[in-house]
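*Asks:* fold the following for me, if possible:
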Amino acid sequence: MRRYTGKKWDVRRWAALDNLRGLTLLSMIAYHACWDMVYLFGADWGWYRSAAAYVWQQSICWTFILLSGFCWPLGSRPLRRGLEVFCGGLAVTAVTVLVMPANRVVFGVLTLLGSCMLLMVPLERGLRRVPSWAGLGMSGLLFFLLRNVNAGCLGFEGLRFFPLPAWLYQNLTTAFLGFPPADFASTDYFSLAPWFFLFLAGYFANRLWRDRRRIPMGGSRIPVLGALGRYSLPVYLLHQPAIYGLLWGVLRLNGT
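*Replies:* Below you'll find the predicted structure:
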């Protein structure tokens, strides 16, 4: 990851970004541990289905997607990184379909992030011509308007403006774009609409930050958080089987 030195970018990492990503990973690990307890081990935790738990889950995915968009201009090999993340998403889908089909992940967050990174490769040249403030505002507005497209309408969360035509919701291709058919099922679903526009908001936030020359100069990496943030992809790929194995072992030892 690069940082701005006033005239050009160098390859030293922004410690603050690694720390934030690491903190979000810890939050995600805790959330998924609760998910396993409720949906795989049968824990009766009503609070996990509450509005507060939903806000917790949304804070994790919003942070990941915004951070990914913010960091996209900082990488030196965007095509390679996009392919790595996209293939990580394919691996998650393949494993869940084979091992736990009832809880399969189709078009999960890694597939989304990899797709966004790959789309940015051809789009970025044109996006450079868009003023950063305008791009940030437009991306945020489009995310707000399209937040509910998965549910068949425009709007944001409880705000539903008007329904979209049923012919948009046809198959896996339309599900990838944001229009899932009635029989589509995934325990972790992030389609291009609306989430690509949140990724774009992160990208334009980076541009706006640079335009104003408010560039963090590294800072101090918090050991655990920084390490998690730096190796976020392997941590993401391995955390769920590690959590399941740990919980299974603990519950077995306790005789439950």
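*Asks:* for the stretch 151-256 of the chain, which spans come out with low pLDDT?
*Replies:* Residues of the stretch 151-256 of the chain that meet the criterion pLDDT under 70 lie in 213-219, 256.
*Asks:* all strands for it, in order.
*Replies:* Secondary structure of the stretch 151-256 of the chain, counting by DSSP state E, counting those that start in this stretch: strands at 153-156, 159-163.
*Asks:* can you tell me which of these is packed in deepest?
*Replies:* strand 153-156 (a mean of 16; mean count of other Cβ atoms under 10 Å). For every residue, glycine as well, the C-beta is placed using N, CA and C.
*Asks:* what pairs with it, parallel or antiparallel?
*Replies:* strand 159-163 (antiparallel) (DSSP bridges).
*Asks:* between the strands of the stretch 151-256 of the chain, which one is closest to Arg129.
*Replies:* Arg129 lies closest, by Cβ to Cβ, to one member of the strands of the stretch 151-256 of the chain: strand 153-156, at 27.4 Å.
*Asks:* about what we covered before: tabulate the strands of the stretch 151-256 of the chain in a markdown table, adding columns for distance to Cys34.
*Replies:* As requested, those are exported to a markdown table (distance: least, Cβ to Cβ, whole Å):
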| stretch | distance to Cys34 |
| --- | --- |
| strand 153-156 | 26 |
| strand 159-163 | 28 |
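*Asks:* wait, which of these is closest to Leu74?
*Replies:* Between the strands of the stretch 151-256 of the chain, strand 153-156 lies closest to Leu74; by Cβ to Cβ that is 29.2 Å.
*Asks:* and that closest one, how far out from the chain middle?
*Replies:* Centroid displacement of strand 153-156 relative to its chain, using Cα atoms, centre = their mean, to the nearest Å, is 20 Å.
*Asks:* over to stretch 58-67?
*Replies:* That offset, for stretch 58-67, works out to 6 Å (Cα atoms, centre = their mean).
*Asks:* give me the residues contacting it.
*Replies:* 17, 20-21, 24, 27-28, 31, 109, 112-113, 116, 190, 195, 198-199, 201-202, 205 (Cβ atoms under 8 Å, 6 or more residues apart in numbering).
*Asks:* rerun that using 10 Å as the cut-off
*Replies:* 17, 20-21, 23-32, 109-110, 112-113, 116, 143, 157, 188, 190, 195-203, 205-206, 229, 232, 236 (Cβ atoms under 10 Å, 6 or more residues apart in numbering).
*Asks:* cool, stretch 175-184 as well?
*Replies:* Against stretch 175-184 from outside (Cβ under 10 Å, 6+ apart): 106-107, 111-112, 115, 146, 149-152, 164-174, 185-186, 189-196.
*Asks:* which members of those are classed as buried?
*Replies:* In the contacts of stretch 175-184, burial by neighbour count holds for 106-107, 111-112, 115, 146, 149-150, 152, 164, 169, 174, 186, 189-196, counting by 16 or more other Cβ atoms under 10 Å.
*Asks:* from Val109, how far out is the nearest residue to Gly82 once chain neighbours are set aside?
*Replies:* Nearest non-adjacent residue to Gly82, counting by Cβ to Cβ, 6 or more residues apart in numbering: Met117, 3.2 Å away. To Val109, Met117 is 13 Å away according to Cβ to Cβ, to the nearest Å.
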